[in-house]
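# the amino acid sequence is not available; the structure is as follows:
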(Lines give C-alpha, C1' and ligand atoms only; values in the text may rest on other atoms or scores of the structure.)
Protein backbone atom coordinates (compact mmCIF):
# COMPACT_ATOMS: atom_id res chain seq x y z
CA UNK A 1 0.00 0.00 0.00
CA UNK A 2 1.24 3.50 -0.78
CA UNK A 3 0.88 6.34 1.67
CA UNK A 4 -2.30 7.70 0.09
CA UNK A 5 -4.03 4.31 0.30
CA UNK A 6 -3.04 4.15 3.97
CA UNK A 7 -4.58 7.56 4.63
CA UNK A 8 -7.80 6.45 2.96
CA UNK A 9 -7.95 3.26 5.01
CA UNK A 10 -7.42 5.02 8.35
CA UNK A 11 -9.63 8.10 7.86
CA UNK A 12 -13.24 8.10 9.06
CA UNK A 13 -16.07 10.62 9.18
CA UNK A 14 -17.66 11.29 12.56
CA UNK A 15 -21.27 12.52 12.93
CA UNK A 16 -23.39 13.21 15.99
CA UNK A 17 -26.82 14.88 16.02
CA UNK A 18 -26.11 17.23 13.15
CA UNK A 19 -22.45 17.88 14.01
CA UNK A 20 -19.69 16.29 11.91
CA UNK A 21 -15.93 16.07 11.76
CA UNK A 22 -13.10 13.67 11.05
CA UNK A 23 -11.39 10.87 12.94
CA UNK A 24 -8.85 8.10 12.50
CA UNK A 25 -8.76 4.35 13.12
CA UNK A 26 -6.22 2.66 15.36
CA UNK A 27 -6.08 -1.08 16.04
CA UNK A 28 -4.89 -2.05 19.54
CA UNK A 29 -3.70 -5.56 20.31
CA UNK A 30 -7.13 -7.17 20.40
CA UNK A 31 -9.77 -8.43 17.99
CA UNK A 32 -12.62 -7.42 20.29
CA UNK A 33 -12.81 -3.81 19.09
CA UNK A 34 -11.11 -1.02 17.13
CA UNK A 35 -10.50 2.57 18.25
CA UNK A 36 -11.74 5.69 16.51
CA UNK A 37 -9.80 8.72 17.78
CA UNK A 38 -11.30 12.16 17.31
CA UNK A 39 -11.89 15.55 18.92
CA UNK A 40 -14.58 15.76 21.56
CA UNK A 41 -16.19 18.80 19.93
CA UNK A 42 -16.95 16.68 16.83
CA UNK A 43 -19.60 15.02 19.04
CA UNK A 44 -20.72 17.66 21.53
CA UNK A 45 -20.14 20.83 19.52
CA UNK A 46 -18.36 24.08 20.31
CA UNK A 47 -19.11 27.01 22.53
CA UNK A 48 -21.35 27.60 25.50
CA UNK A 49 -24.25 25.35 24.49
CA UNK A 50 -22.69 21.92 24.09
CA UNK A 51 -25.10 19.14 23.28
CA UNK A 52 -25.55 16.00 25.28
CA UNK A 53 -25.25 12.72 23.39
CA UNK A 54 -25.07 9.00 23.92
CA UNK A 55 -23.70 5.96 22.15
CA UNK A 56 -26.66 5.66 19.78
CA UNK A 57 -26.14 9.24 18.54
CA UNK A 58 -22.61 8.61 17.24
CA UNK A 59 -22.25 7.64 13.56
CA UNK A 60 -18.86 6.54 12.18
CA UNK A 61 -18.47 6.17 8.41
CA UNK A 62 -15.51 4.91 6.41
CA UNK A 63 -15.63 5.30 2.63
CA UNK A 64 -14.24 2.31 0.75
CA UNK A 65 -14.46 3.48 -2.86
CA UNK A 66 -17.10 3.64 -5.61
CA UNK A 67 -19.26 5.86 -3.40
CA UNK A 68 -19.71 2.95 -0.97
CA UNK A 69 -19.42 3.47 2.75
CA UNK A 70 -18.73 1.19 5.67
CA UNK A 71 -20.85 2.08 8.71
CA UNK A 72 -18.93 1.10 11.85
CA UNK A 73 -20.98 -0.08 14.84
CA UNK A 74 -20.29 1.96 17.97
CA UNK A 75 -19.79 -0.02 21.20
CA UNK A 76 -18.91 2.77 23.66
CA UNK A 77 -17.03 6.05 23.97
CA UNK A 78 -14.66 7.60 26.51
CA UNK A 79 -13.92 11.31 26.84
CA UNK A 80 -10.79 12.96 28.20
CA UNK A 81 -11.76 14.71 31.42
CA UNK A 82 -9.91 17.93 30.51
CA UNK A 83 -8.86 17.93 26.85
CA UNK A 84 -10.75 18.01 23.55
CA UNK A 85 -10.30 14.28 22.90
CA UNK A 86 -12.53 11.23 22.80
CA UNK A 87 -11.97 7.54 22.04
CA UNK A 88 -14.90 5.77 20.37
CA UNK A 89 -14.91 1.96 20.51
CA UNK A 90 -16.33 0.34 17.40
CA UNK A 91 -16.71 -3.30 16.45
CA UNK A 92 -13.45 -4.88 15.28
CA UNK A 93 -12.58 -3.51 11.84
CA UNK A 94 -9.71 -5.25 10.00
CA UNK A 95 -7.01 -2.72 9.11
CA UNK A 96 -4.15 -3.61 6.78
CA UNK A 97 -2.12 -0.54 7.72
CA UNK A 98 0.13 -0.92 10.77
CA UNK A 99 0.69 2.41 12.50
CA UNK A 100 2.87 3.39 15.42
CA UNK A 101 2.52 6.41 17.60
CA UNK A 102 5.60 8.60 17.70
CA UNK A 103 7.02 11.81 19.14
CA UNK A 104 7.54 14.54 16.51
CA UNK A 105 10.29 17.15 16.39
CA UNK A 106 10.31 20.74 15.16
CA UNK A 107 10.11 20.97 11.33
CA UNK A 108 8.89 17.38 11.01
CA UNK A 109 6.89 16.90 7.81
CA UNK A 110 3.30 16.01 8.60
CA UNK A 111 0.03 15.19 6.94
CA UNK A 112 -3.58 15.23 8.05
CA UNK A 113 -6.36 13.63 6.07
CA UNK A 114 -9.99 14.38 6.71
CA UNK A 115 -13.42 15.51 5.56
CA UNK A 116 -13.56 19.33 5.24
CA UNK A 117 -17.13 20.60 4.89
CA UNK A 118 -16.24 22.83 1.94
CA UNK A 119 -15.70 19.75 -0.25
CA UNK A 120 -19.04 18.29 0.77
CA UNK A 121 -20.84 21.35 -0.55
CA UNK A 122 -18.73 21.77 -3.68
CA UNK A 123 -18.24 18.10 -4.62
CA UNK A 124 -19.57 15.01 -2.88
CA UNK A 125 -19.89 13.76 0.65
CA UNK A 126 -17.10 11.20 0.47
CA UNK A 127 -14.43 13.64 -0.80
CA UNK A 128 -11.45 13.87 1.52
CA UNK A 129 -8.35 16.03 1.54
CA UNK A 130 -4.71 15.62 2.58
CA UNK A 131 -3.10 18.70 4.11
CA UNK A 132 0.74 18.56 4.12
CA UNK A 133 2.18 20.59 7.00
CA UNK A 134 5.22 21.50 9.12
CA UNK A 135 5.50 21.64 12.90
CA UNK A 136 6.27 25.14 14.20
CA UNK A 137 5.94 24.77 17.99
CA UNK A 138 5.31 22.15 20.67
CA UNK A 139 4.43 22.21 24.35
CA UNK A 140 3.70 19.41 26.82
CA UNK A 141 0.24 18.74 25.36
CA UNK A 142 0.00 20.69 22.10
CA UNK A 143 1.52 20.57 18.61
CA UNK A 144 1.27 23.70 16.48
CA UNK A 145 1.71 23.25 12.73
CA UNK A 146 1.35 25.27 9.54
CA UNK A 147 -0.09 23.86 6.30
CA UNK A 148 2.19 24.06 3.28
CA UNK A 149 -0.71 25.47 1.24
CA UNK A 150 -3.01 28.41 1.89
CA UNK A 151 -6.11 27.45 3.85
CA UNK A 152 -7.98 30.67 3.24
CA UNK A 153 -9.56 31.49 -0.09
CA UNK A 154 -10.99 34.45 -1.97
CA UNK A 155 -14.50 34.10 -0.57
CA UNK A 156 -13.90 32.35 2.79
CA UNK A 157 -11.43 32.61 5.66
CA UNK A 158 -9.37 29.72 7.03
CA UNK A 159 -11.86 29.00 9.80
CA UNK A 160 -14.59 28.24 7.26
CA UNK A 161 -12.38 26.23 4.94
CA UNK A 162 -10.88 24.06 7.66
CA UNK A 163 -14.21 23.16 9.30
CA UNK A 164 -14.77 19.41 9.24
CA UNK A 165 -11.04 18.57 9.44
CA UNK A 166 -11.28 18.57 13.26
CA UNK A 167 -10.57 15.18 14.79
CA UNK A 168 -8.35 14.01 11.94
CA UNK A 169 -5.13 12.16 12.74
CA UNK A 170 -1.87 14.06 12.48
CA UNK A 171 0.84 11.81 10.99
CA UNK A 172 4.55 11.91 10.30
CA UNK A 173 5.14 10.50 6.82
CA UNK A 174 8.27 8.35 6.61
CA UNK A 175 9.06 6.03 3.68
CA UNK A 176 5.39 5.30 2.96
CA UNK A 177 4.70 4.61 6.64
CA UNK A 178 2.43 6.76 8.82
CA UNK A 179 3.29 7.54 12.45
CA UNK A 180 0.43 8.99 14.47
CA UNK A 181 1.55 11.97 16.58
CA UNK A 182 -1.63 13.93 17.32
CA UNK A 183 -5.32 14.69 16.78
CA UNK A 184 -6.17 17.96 15.05
CA UNK A 185 -8.47 20.07 17.21
CA UNK A 186 -8.49 23.77 16.29
CA UNK A 187 -7.06 26.86 14.66
CA UNK A 188 -4.52 28.65 16.82
CA UNK A 189 -6.47 31.88 16.24
CA UNK A 190 -10.20 31.73 15.48
CA UNK A 191 -9.91 33.62 12.19
CA UNK A 192 -6.95 31.60 10.96
CA UNK A 193 -4.26 34.24 11.50
CA UNK A 194 -0.63 33.13 11.07
CA UNK A 195 -1.81 30.12 9.05
CA UNK A 196 -1.35 28.07 12.23
CA UNK A 197 -3.31 25.03 13.43
CA UNK A 198 -3.25 23.08 16.69
CA UNK A 199 -3.34 19.39 17.58
CA UNK A 200 -3.26 17.53 20.87
CA UNK A 201 -0.36 15.11 21.24
CA UNK A 202 -1.32 11.47 20.84
CA UNK A 203 0.15 10.60 24.25
CA UNK A 204 -2.91 12.36 25.73
CA UNK A 205 -5.11 9.61 24.28
CA UNK A 206 -3.25 7.04 26.36
CA UNK A 207 -4.39 8.95 29.46
CA UNK A 208 -7.97 8.02 28.55
CA UNK A 209 -7.10 4.39 27.83
CA UNK A 210 -5.08 3.87 31.02
CA UNK A 211 -7.89 5.37 33.09
CA UNK A 212 -10.38 2.93 31.53
CA UNK A 213 -8.09 -0.11 31.65
CA UNK A 214 -8.02 -0.37 27.84
CA UNK A 215 -5.04 -1.38 25.66
CA UNK A 216 -2.82 1.61 24.96
CA UNK A 217 -1.88 2.77 21.47
CA UNK A 218 0.60 0.18 20.32
CA UNK A 219 0.19 -1.86 17.12
CA UNK A 220 -0.58 -5.55 17.42
CA UNK A 221 2.20 -6.50 14.98
CA UNK A 222 4.73 -5.50 17.64
CA UNK A 223 3.08 -7.44 20.44
CA UNK A 224 3.71 -10.92 19.09
CA UNK A 225 6.35 -12.74 17.04
CA UNK A 226 3.70 -15.13 15.72
CA UNK A 227 3.18 -13.40 12.38
CA UNK A 228 6.94 -13.18 11.76
CA UNK A 229 7.53 -16.88 12.42
CA UNK A 230 5.43 -17.69 9.35
CA UNK A 231 7.86 -15.95 6.98
CA UNK A 232 11.21 -15.67 8.82
CA UNK A 233 12.44 -19.08 7.65
CA UNK A 234 11.14 -18.94 4.06
CA UNK A 235 14.63 -19.21 2.54
CA UNK A 236 15.25 -22.55 4.24
CA UNK A 237 14.26 -25.80 2.54
CA UNK A 238 11.87 -28.59 3.46
CA UNK A 239 11.82 -30.21 6.89
CA UNK A 240 14.50 -27.91 8.27
CA UNK A 241 12.16 -24.95 7.77
CA UNK A 242 9.30 -26.78 9.55
CA UNK A 243 11.57 -27.73 12.45
CA UNK A 244 12.76 -24.15 12.92
CA UNK A 245 9.22 -22.73 12.73
CA UNK A 246 8.05 -25.22 15.35
CA UNK A 247 11.04 -24.42 17.58
CA UNK A 248 10.34 -20.69 17.28
CA UNK A 249 6.89 -21.10 18.85
CA UNK A 250 8.63 -21.77 22.17
CA UNK A 251 9.63 -18.09 22.18
CA UNK A 252 6.16 -16.55 22.09
CA UNK A 253 6.51 -15.24 25.65
CA UNK A 254 8.86 -12.73 24.03
CA UNK A 255 7.66 -10.10 21.57
CA UNK A 256 9.06 -7.07 19.70
CA UNK A 257 7.75 -4.65 22.33
CA UNK A 258 9.85 -6.37 25.00
CA UNK A 259 12.94 -5.83 22.86
CA UNK A 260 11.97 -2.20 22.21
CA UNK A 261 11.45 -1.56 25.93
CA UNK A 262 14.82 -3.12 26.79
CA UNK A 263 17.01 -1.96 23.90
CA UNK A 264 15.27 1.11 22.41
CA UNK A 265 17.58 2.95 19.96
CA UNK A 266 20.34 0.39 20.52
CA UNK A 267 18.58 -2.08 18.23
CA UNK A 268 20.15 -0.17 15.31
CA UNK A 269 23.68 0.36 14.01
CA UNK A 270 24.47 3.18 14.30
CA UNK A 271 22.19 3.98 17.22
CA UNK A 272 19.00 5.68 16.05
CA UNK A 273 17.31 8.17 18.37
CA UNK A 274 14.32 8.24 15.99
CA UNK A 275 13.95 4.49 16.29
CA UNK A 276 10.14 4.64 16.40
CA UNK A 277 10.23 5.41 12.66
CA UNK A 278 11.82 2.06 11.85
CA UNK A 279 9.82 -0.24 14.11
CA UNK A 280 7.29 -1.39 11.52
CA UNK A 281 10.01 -2.93 9.33
CA UNK A 282 9.22 -6.63 8.88
CA UNK A 283 12.85 -7.50 8.08
CA UNK A 284 13.87 -6.23 11.52
CA UNK A 285 11.65 -8.65 13.45
CA UNK A 286 12.15 -11.61 11.13
CA UNK A 287 15.87 -11.25 11.85
CA UNK A 288 15.26 -11.17 15.58
CA UNK A 289 13.03 -14.26 15.71
CA UNK A 290 15.55 -16.24 13.67
CA UNK A 291 18.43 -15.32 16.00
CA UNK A 292 16.32 -16.02 19.10
CA UNK A 293 15.38 -19.43 17.67
CA UNK A 294 19.00 -20.33 16.91
CA UNK A 295 20.10 -19.29 20.39
CA UNK A 296 17.25 -21.21 22.02
CA UNK A 297 18.20 -24.40 20.13
CA UNK A 298 21.83 -23.90 21.12
CA UNK A 299 21.31 -23.13 24.83
CA UNK A 300 17.77 -24.43 25.62
CA UNK A 301 17.23 -21.09 27.40
CA UNK A 302 14.78 -18.27 26.68
CA UNK A 303 16.04 -14.73 27.52
CA UNK A 304 14.26 -13.01 30.38
CA UNK A 305 11.59 -10.54 29.18
CA UNK A 306 12.37 -8.24 32.12
CA UNK A 307 16.17 -8.20 31.87
CA UNK A 308 16.69 -9.02 28.23
CA UNK A 309 20.15 -10.34 27.43
CA UNK A 310 21.50 -12.78 24.85
CA UNK A 311 24.20 -14.96 26.34
CA UNK A 312 25.79 -18.40 25.84
CA UNK A 313 28.74 -20.41 27.08
CA UNK A 314 31.91 -20.47 24.99
CA UNK A 315 35.28 -21.83 26.07
CA UNK A 316 34.11 -22.22 29.70
CA UNK A 317 33.07 -18.56 29.93
CA UNK A 318 29.94 -16.54 29.14
CA UNK A 319 29.73 -14.73 25.81
CA UNK A 320 27.40 -11.80 25.15
CA UNK A 321 25.60 -11.79 21.82
CA UNK A 322 24.30 -8.51 20.43
CA UNK A 323 22.20 -8.00 17.34
CA UNK A 324 22.02 -4.84 15.24
CA UNK A 325 19.86 -3.81 12.30
CA UNK A 326 21.87 -1.90 9.70
CA UNK A 327 21.42 -0.30 6.28
CA UNK A 328 25.09 -0.70 5.37
CA UNK A 329 26.03 -2.67 2.26
CA UNK A 330 29.00 -4.63 3.62
CA UNK A 331 29.93 -6.29 6.87
CA UNK A 332 33.23 -4.39 7.08
CA UNK A 333 31.27 -1.10 7.11
CA UNK A 334 29.24 -2.47 10.02
CA UNK A 335 32.42 -3.44 11.89
CA UNK A 336 33.82 0.07 11.47
CA UNK A 337 30.54 1.54 12.71
CA UNK A 338 30.83 -0.64 15.81
CA UNK A 339 34.11 1.08 16.66
CA UNK A 340 33.06 4.57 15.58
CA UNK A 341 29.58 4.64 17.08
CA UNK A 342 29.03 2.07 19.85
CA UNK A 343 32.55 1.19 21.03
CA UNK A 344 31.99 2.02 24.70
CA UNK A 345 28.98 -0.31 24.86
CA UNK A 346 30.93 -3.31 23.55
CA UNK A 347 32.21 -5.94 25.97
CA UNK A 348 35.32 -8.02 25.47
CA UNK A 349 34.73 -11.03 23.20
CA UNK A 350 31.18 -10.04 22.23
CA UNK A 351 29.68 -11.79 19.22
CA UNK A 352 27.91 -9.24 17.03
CA UNK A 353 25.11 -10.43 14.72
CA UNK A 354 24.11 -8.09 11.88
CA UNK A 355 20.81 -8.02 9.98
CA UNK A 356 21.10 -5.79 6.90
CA UNK A 357 17.45 -4.95 6.22
CA UNK A 358 16.87 -7.99 4.04
CA UNK A 359 20.21 -7.73 2.18
CA UNK A 360 22.97 -10.33 2.15
CA UNK A 361 26.57 -9.01 1.89
CA UNK A 362 29.27 -10.77 -0.14
CA UNK A 363 31.19 -11.56 3.04
CA UNK A 364 29.22 -12.82 6.04
CA UNK A 365 31.79 -13.06 8.86
CA UNK A 366 34.85 -11.50 10.49
CA UNK A 367 36.60 -13.35 13.31
CA UNK A 368 38.88 -11.65 15.85
CA UNK A 369 42.00 -12.04 13.74
CA UNK A 370 40.46 -10.65 10.54
CA UNK A 371 38.92 -7.70 12.37
CA UNK A 372 42.26 -6.84 13.96
CA UNK A 373 44.51 -7.42 10.96
CA UNK A 374 42.23 -6.36 8.10
CA UNK A 375 39.25 -4.16 8.98
CA UNK A 376 40.86 -2.08 11.71
CA UNK A 377 43.78 -1.20 9.47
CA UNK A 378 41.29 0.79 7.37
CA UNK A 379 39.76 2.60 10.33
CA UNK A 380 39.99 6.37 10.79
CA UNK A 381 42.06 6.58 13.96
CA UNK A 382 41.43 10.31 14.32
CA UNK A 383 37.71 9.60 14.77
CA UNK A 384 38.53 7.08 17.49
CA UNK A 385 40.82 9.56 19.22
CA UNK A 386 37.98 12.13 19.29
CA UNK A 387 35.87 9.57 21.16
CA UNK A 388 38.67 9.05 23.72
CA UNK A 389 39.45 5.55 22.50
CA UNK A 390 43.07 4.66 23.22
CA UNK A 391 44.26 3.44 19.85
CA UNK A 392 47.68 2.55 21.32
CA UNK A 393 46.08 0.00 23.64
CA UNK A 394 46.73 -3.42 22.06
CA UNK A 395 43.33 -4.59 23.36
CA UNK A 396 41.27 -1.74 21.91
CA UNK A 397 39.79 -4.13 19.34
CA UNK A 398 38.18 -5.94 22.35
CA UNK A 399 38.33 -9.30 20.62
CA UNK A 400 34.84 -9.01 19.17
CA UNK A 401 33.62 -11.14 16.27
CA UNK A 402 30.96 -10.22 13.73
CA UNK A 403 28.62 -12.34 11.59
CA UNK A 404 25.70 -11.73 9.28
CA UNK A 405 22.47 -13.53 10.25
CA UNK A 406 22.47 -15.36 6.89
CA UNK A 407 25.66 -17.23 7.82
CA UNK A 408 23.40 -19.80 9.49
CA UNK A 409 21.59 -20.37 6.18
CA UNK A 410 24.87 -21.33 4.55
CA UNK A 411 25.36 -24.04 7.14
CA UNK A 412 21.80 -25.35 6.84
CA UNK A 413 22.15 -25.61 3.06
CA UNK A 414 24.86 -28.27 3.48
CA UNK A 415 22.35 -30.89 4.63
CA UNK A 416 18.88 -29.63 3.61
CA UNK A 417 18.40 -32.15 0.79
CA UNK A 418 20.07 -35.09 2.50
CA UNK A 419 18.04 -35.71 5.66
CA UNK A 420 14.48 -36.89 6.20
CA UNK A 421 14.42 -38.16 9.78
CA UNK A 422 13.19 -35.50 12.25
CA UNK A 423 15.80 -36.63 14.79
CA UNK A 424 18.57 -36.28 12.21
CA UNK A 425 17.36 -32.84 11.18
CA UNK A 426 17.25 -31.68 14.80
CA UNK A 427 20.75 -33.01 15.40
CA UNK A 428 22.22 -31.40 12.28
CA UNK A 429 20.49 -28.06 12.85
CA UNK A 430 21.82 -27.83 16.39
CA UNK A 431 25.29 -28.89 15.26
CA UNK A 432 25.30 -26.23 12.53
CA UNK A 433 24.12 -23.49 14.91
CA UNK A 434 26.78 -24.38 17.48
CA UNK A 435 29.39 -24.41 14.72
CA UNK A 436 28.56 -20.85 13.64
CA UNK A 437 28.55 -19.56 17.21
CA UNK A 438 31.80 -21.32 18.19
CA UNK A 439 33.95 -21.03 15.08
CA UNK A 440 33.43 -17.76 13.21
CA UNK A 441 35.31 -18.15 9.91
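That came through, no problem. Bear in mind that the values here come from a model prediction, so they are computed numbers and not experimental data.

# just to be sure, residue 127 is in a helix?
No: judged by DSSP: H, G, I helix; E, B strand; the rest coil, residue 127 forms no part of a helix; its state is coil.

# what is the burial count for it?
13 (other C-beta atoms under 10 Å). All C-beta spots, glycine's among them, are computed from the backbone N, C-alpha and C.

# and if you look at residue 97?
Residue 97, neighbours per other C-beta under 10 Å, totals 19.

# spit out the contact partners of it.
With contact taken as C-beta atoms under 8 Å, 6 or more residues apart in numbering, residue 97 is in contact with 1, 6, 9, 10, 178.

# helices of the protein, residue ranges please.
For the chain, helices defined by DSSP state H occupy the ranges 3-10, 41-44, 117-122, 158-162, 203-212, 226-232, 238-248, 256-263, 282-299, 331-341, 368-370, 381-386, 407-412, 422-438.

# would you single out the least confident of the ones you listed?
Ranked by mean pLDDT, those end with helix 158-162 at the bottom, a mean of 55.

# close enough to count as contact, residue 208 and residue 82?
No: the pair residue 208 / residue 82 is not scored as a contact, 10.5 Å apart, by C-beta atoms under 8 Å.

# so where is the chain shaky, pLDDT-wise?
Residues of the chain that meet the criterion pLDDT under 70 lie in 65-68, 107, 118-126, 149-162, 188-195, 416-417, 419.

# residue nearest the centroid of it?
residue 279 (2.8 Å; C-alpha atoms, centre = their mean).

# returning to what we had before: dump the contacts of residue 97 into CSV; add neighbour count and distance to residue 219 as well.
Formatted as CSV, the contacts of residue 97 follow (neighbours: other C-beta atoms under 10 Å; distance: C-beta to C-beta, whole Å):
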residue, neighbour count, distance to residue 219
1, 12, 15
6, 21, 13
9, 20, 14
10, 24, 12
178, 24, 11
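
# distance to residue 103 added to those, as TSV?
Formatted as TSV, those follow (distance: C-beta to C-beta, whole Å):
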residue	distance to residue 103
1	24
6	20
9	24
10	19
178	15
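
# with respect to residue 360, which of those residues is nearest?
residue 1 (26.4 Å; C-beta to C-beta).

# for the closest one, give me its contacts.
Contacts of residue 1 by C-beta under 8 Å, 6+ apart are 9, 96, 97, 176.

# I'd guessed the second one sits against residue 9; true?
Yes: Residue 96 sits in contact with residue 9 when judged by C-beta under 8 Å, with a separation of 6.5 Å.

# hang on, the earlier thing: residue contacts, the residue nearest to the centre of the chain?
Going by C-beta under 8 Å, 6+ apart, residue 279 touches 100, 222, 256, 260.

# who are the contact partners of the third one?
In this case it means residue 256. Per C-beta under 8 Å, 6+ apart, neighbours of residue 256: 221, 222, 223, 225, 279, 285, 288.

# mark which of those are buried, thanks.
221, 222, 223, 225, 279, 285, 288 (16 or more other C-beta atoms under 10 Å).

# is it true that the third one touches residue 254?
No: with contact defined as C-beta under 8 Å, residue 223 does not count as touching residue 254 (10.8 Å).

# just give me the closest of the contacts of residue 97 to residue 233.
Nearest to residue 233 among the contacts of residue 97, with distances taken as C-beta to C-beta, is residue 1, at 25.3 Å.

# would you mind measuring from the closest one to residue 244?
Separation of residue 1 from residue 244 (C-beta to C-beta, to the nearest Å): 30 Å.

# which positions in stretch 431-441 come out as buried?
Going by 16+ other C-beta under 10 Å, stretch 431-441 has these buried residues: 432, 433, 434, 436, 437, 440.

# cool, stretch 397-412 as well?
In stretch 397-412, counting by 16+ other C-beta under 10 Å, buried: 397-398, 400-409, 411-412.

# as TSV, the residues you listed with distance to residue 380 would be great.
Output for these, formatted as TSV (distance: C-beta to C-beta, whole Å):
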residue	distance to residue 380
397	15
398	18
400	18
401	22
402	18
403	24
404	23
405	27
406	28
407	27
408	32
409	33
411	34
412	37
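
# which residues touch residue 344?
residue 387 are the contacts of residue 344 under C-beta under 8 Å, 6+ apart.

# next, count neighbours for residue 214.
Residue 214: 18 neighbours (other C-beta under 10 Å).

# from residue 34, how far out is the residue lying closest to residue 91 once chain neighbours are set aside?
Computed as C-beta to C-beta, 6 or more residues apart in numbering, the closest residue to residue 91 that is not its neighbour in sequence is residue 73, at 4.4 Å. Distance of residue 73 to residue 34, computed by C-beta to C-beta: 10 Å.

# then residue 46?
The value you get for residue 46 to residue 34, if C-beta to C-beta is used, is 27 Å.

# who has more neighbours, those two?
A direct count of neighbours by other C-beta under 10 Å for residue 46 and residue 34 places residue 34 higher, at 21 against 13.

# tell me what that one is bridged to.
Beta-bridge partners for residue 34, by DSSP bridges, are residue 90.

# wouldn't it be in contact with residue 27 here?
Yes: using C-beta under 8 Å, residue 34 is in contact with residue 27, at 5.5 Å.

# any chance you could list residues touching both of these two?
93, 95.

# identify the residues contacting the nearest residue to residue 39 once chain neighbours are set aside.
Nearest non-adjacent residue to residue 39, counting by C-beta to C-beta, 6+ apart: residue 167, 4.1 Å away. Residues near residue 167 by C-beta under 8 Å, 6+ apart: 14, 21-24, 37-39, 42, 114, 183-185.

# cutoff 6 Å now
14, 21, 22, 23, 38, 39, 42 (C-beta atoms under 6 Å, 6 or more residues apart in numbering).

# and residue 181, by the same measure?
Neighbours of residue 181 in contact, by C-beta under 6 Å, 6+ apart: 102, 104, 170, 172, 202.

# in a markdown table, list those along with distance to residue 318.
Below are the contacts of residue 181 laid out as a markdown table (distance: C-beta to C-beta, whole Å):
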| residue | distance to residue 318 |
| --- | --- |
| 102 | 36 |
| 104 | 41 |
| 170 | 47 |
| 172 | 41 |
| 202 | 41 |
